[in-house]
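> Whatever this is, show me its structure:
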Amino acid sequence: MFEDRTFPCRAIGLCRYPVPAGKSIDAWLALVRELAAVVEAAHGVIWVDTDERYILARQFVSGSAQPRQAPDHPGNESNRIISARKHLGDRYVRFPGWATFLRSAHVEAVGGRDKLLAVVRPPVVHDVGDLLYIQLSVSVEEALLPETEARRQALIELLSPIIVPMPPARPAA
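You can find the predicted model right below:
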């Protein structure tokens, strides 16, 4: 944990509307990257989904474990975060989203920048202070395409040693 620092804030944003025709979210993404650098963010994720409930559950860390669902189901992720919050951004990272901010220590922990870029092949990469910003498609309109999800799965596999682990199972009553 960052013993010498505290992270007093959590930034949360939600857009419920599609990007208007002829417009892009590039300026907003640049602002988010600048904000992450200014506040010296420990880690960050930008999610895109067709179901707002999943994004809200991830943002507000709500929901309960769903053992029959995928490990990155929002309820399972929330269960993980609650159990390891004090190490989030230090020892652990969240499941990656469409765009993900990783500290240099995270990148090194999974084999370094060259390996990450070779395995994941993200089309958009920015250095943001001590963070590496990885965006898995060129535009948000491509965020849910199969090739973008394939990149996300490759990133999940690469980050698996530092993704927040599931808490130990509770003994049966």
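
> Which parts of the helix or strand hosting residue 118 count as buried, going by neighbours?
Here residue 118 sits within helix 113-120, counting by DSSP states H and E. For helix 113-120, the neighbour count (16 or more other CB atoms under 10 Å) marks 116, 120 as buried. Glycine gets a C-beta too; all of them are placed from N, C-alpha and C.

> Check which helices and strands whatever helix or strand comes next after that helix sits against.
The helix or strand immediately downstream of helix 113-120 is strand 124-128, counting by DSSP H and E. Applying 3 or more CB pairs under 8 Å, 6 or more residues apart in numbering; DSSP states H and E, we find strand 124-128 packed against helix 26-38, strand 131-135.

> returning to that earlier point: check which helices and strands the helix holding residue 118 is in contact with.
The elements that helix 113-120 packs onto, with contact taken as 3+ CB pairs under 8 Å, 6+ apart, are strand 131-135, helix 146-159.

> quick one, the shortest one and helix 113-120 angle?
So that's strand 131-135. Here strand 131-135 points in a direction 20 degrees away from that of helix 113-120 (axes from the mean of the first three to the mean of the last three CA atoms, to 10 degrees).
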